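A.B. asks: what follows is a predicted structure for the sequence shown.
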Amino acid sequence: MAGAAVPLIEAAAARALAALGFGAAAGATGEAAREAIRKRKEAADKAKSSPVAQTDAQTKAKAREKCPECPPDKGAPFTRTFPKRQPWVDYQARIGGMPSGPNFITEWMFNEVRFDGFTSGACLLKEAKAGYDQFFDEWGRPLRWWAYNVDDTIVEIVRQDLAASPKPPVRLEWHWQQPTSYRYFSRILSAAAPSVPHHYTP
């Protein structure tokens with residue numbers, strides 16, 4: 001079926017070219033009309049791949065990426081320092097995508113609440129939790145001496161959820177490095193902040 005359509009398309013194109021002064025009206029044969037079509041197609045393909053066309057396409061894509069306006073863009077970086085780099089810093093830097101160094105990591109402050117990362121194009125605020133499985137027993141329960149931190153984590157996610165507004169366009173995600181803490185907290189915290197997804201991201 002597609003093969004039968006090709007001569008029809010070429011014939012229609014030849015008629016269009018004749019109407020524009022190419023082909024029979026200018027004394028050209030059908031072969032000349034096909035050659036004119038081929039040259040026009042090549043010219044169009046070259047125009048699409050030209051640096052100007054690519055730059056225009058990239059500019060339009062970036063404009064779409066930034067629209068609608070993302071309120072956390074009005075936030076600001078916050079530098080958190082520590083005397084010695086800890087293992088959780090590497091995980092937070094990877095998930096959050098913020099700058100870090102031997103004794104600092106950058107976080108994002110928005111609506112007076114700190115977040116571990118922010119991706120403007122996706123209007124996405126991020127929180128990263130690393131190394132939490134050490135605070136759980138073999139049955140997946142928080143160790144008694146550490147259990148008060150569960151309440152603190154609930155308070156943290158509720159504060160972040162309230163600050164990450166309006167929804168949409170603002171989104172908030174939490175990422176967990178280890179499986180036990182992910183299973184426990186994704187269940188507990190989903191009840192406190194249902195709109196915040198949790199991801200197991202080793």
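C.D. replies: Looks like it came in fine.
A.B. asks: CA only for contacts and neighbour counts going forward, please
C.D. replies: Noted.
A.B. asks: check what pLDDT the spatially closest residue to residue 110 that is not a sequence neighbour gets.
C.D. replies: Spatial nearest neighbour of residue 110, chain neighbours left out: residue 75 (4.5 Å); criterion: CA to CA, 6 or more residues apart in numbering. pLDDT, residue 75: 98.
A.B. asks: quick one, helices of the protein?
C.D. replies: 2-19, 30-49, 51-66, 87-96, 148-163, 179-192 (DSSP state H).
A.B. asks: pull the contacting residues for the residue nearest to residue 110.
C.D. replies: Neighbouring residues of residue 75 by CA atoms under 8 Å, 6 or more residues apart in numbering: 108, 109, 110, 111.
A.B. asks: mind picking the two most distant members of these?
C.D. replies: Between any two of the contacts of residue 75, the greatest separation by CA to CA is 10.1 Å, found for 108 and 111.
A.B. asks: these two - which one has more neighbours?
C.D. replies: Ranked by neighbour count (other CA atoms under 10 Å), residue 108 and residue 111 place residue 108 first, with 22 against 16.
A.B. asks: I'd say that one and residue 118 touch.
C.D. replies: Yes: with contact defined as CA atoms under 8 Å, residue 108 reaches residue 118; the gap is 6.5 Å.
A.B. asks: partner residues bridging residue 175?
C.D. replies: Per DSSP bridges, the residues bridged to residue 175 are residue 128, residue 199.
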